[in-house]
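> coordinates for the following, if possible.
(chains A and B)
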Amino acid sequence: DTEVTQTPKHLVMGMTNKKSLKCEQHMGHRAMYWYKQKAKKPPELMFVYSYEKLSINESVPSRFSPECPNSSLLNLHLHALQPEDSALYLCASSQDLGHDEQYFGPGTRLTVT
Amino acid sequence: SQQGEEDPQALSIQEGENATMNCSYKTSINNLQWYRQNSGRGLVHLILIRSNEREKHSGRLRVTLDTSKKSSSLLITASRAADTASYFCATDNLRSVQGAQKLVFGQGTRLTINP
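Numbering: from 1, shown residues only, chains lettered A, B, ... in the order given. Next up, the predicted model:
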């Protein structure tokens, strides 16, 4: 199974809502990533988890809160977002520390109203 | 900030022709990767070339790397309509203390293959 799954596919939320994005992989990968991608722009790294510990936080606002409950799951908790946070949120995983190829999920299209 | 700059930003060719995309970067790298993204979907890894390699092939793909010029090119031969997508280069030039990879993506090339 070389698939990274993400739910939901689409999410519309108000600025006062709390929601979560979910990502799952069953490839035994030990590194997982969250990216944000605006339209016609490249993905931008938000967070990196390795061995279930936060390894990189790219100065992301605290209204985005990542969580790695176990080695297969990665969540992104959203609270008090702004309309400019509307984007495609991509999850990815890679095999282990320093292993290079990343496998991406299909993304969650988030719209903040 | 984005590490890679790609050109052209958009490329439209006829099916069967070859497509060449270029990527330039600014700092030393461990490796350079190319990814494909179909409209609004996740990225698919195409090929990785390490800093000590100069050329790599995978099926209809050929990647070159010139570390002296800090540039790479992706050649797709005998293009097909299904190759229509955005193509991104990504450099791995920094690792955290724990060794986690940090990819920085270029701006991308939107490739259109006309039947």
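> drop to CA atoms for contacts and neighbour counts, all remaining ones
Will do.
> what's the burial count for the closest residue to chain B within chain A?
Nearest residue of chain A to chain B, counting by Cα to the nearest Cα: A:P106, 4.1 Å away. Residues lying near A:P106 (other Cα atoms under 10 Å in any protein chain shown) number 25.
> need the three-state assignment for it.
Assigned by DSSP: H, G, I helix; E, B strand; the rest coil, the conformation of A:P106 is coil.
> where in chain B is pLDDT low?
Along chain B, segments meeting pLDDT under 70 span B:1-4, B:94-101.
> residue in it nearest to chain A?
Relative to chain A, the nearest point of chain B is B:G42 (4.1 Å; Cα to the nearest Cα).
> wait, that residue touches A:R109, no?
No: the pair B:G42 / A:R109 is not scored as a contact, 11.0 Å apart, by Cα atoms under 8 Å.
> quick one: which of those two has more around it?
Neighbour tally, B:G42 and A:R109, criterion other Cα under 10 Å: the higher count belongs to B:G42, 23 against 20.
> how about that one, what does it touch?
Counting by Cα atoms under 8 Å, 6 or more residues apart in numbering or on different chains, B:G42 touches A:L90, A:F104, A:G105, A:P106, A:G107.
> check A:Q95 too.
By Cα under 8 Å, 6+ apart, A:Q95 lies in contact with A:M27, A:G28, A:H29, A:R30, A:A31, A:E101, A:Q102.
> and those residues, which is closest to A:V4?
Of all the contacts of A:Q95, A:V4 sits closest to A:M27, with 8.5 Å by Cα to Cα.
> just the element for that closest one, please.
Assignment of secondary structure by DSSP states H and E places A:M27 within no helix or strand.
> check what pLDDT it gets.
pLDDT recorded at A:M27 is 93.
> near chain B, which residues of chain A? Just list them.
Taking Cα under 8 Å from any Cα of the partner chain as the contact definition, chain A meets chain B at A:31, A:41-45, A:48-50, A:55-56, A:88, A:90, A:97-107.
> mind listing which of those residues are in strands?
A:A31, A:E44, A:L45, A:V48, A:Y49, A:S50, A:S55, A:I56, A:L88, A:L90, A:Y103, A:F104 (DSSP state E).
> ok, and the most crowded of those?
A:L90 (28 neighbours).
> for A:H79, see how far away that residue is.
With distances taken as Cα to Cα, to the nearest Å, A:L90 is found 18 Å from A:H79.
> repeat that for B:N31.
Distance from B:N31 to A:H79, by Cα to Cα: 36 Å.
> report the central residue of chain A.
A:W34 (3.2 Å; Cα atoms, centre = their mean).
> so for that one, what's the nearest residue that isn't a sequence neighbour?
A:C91 (4.7 Å; Cα to Cα, 6 or more residues apart in numbering or on different chains).
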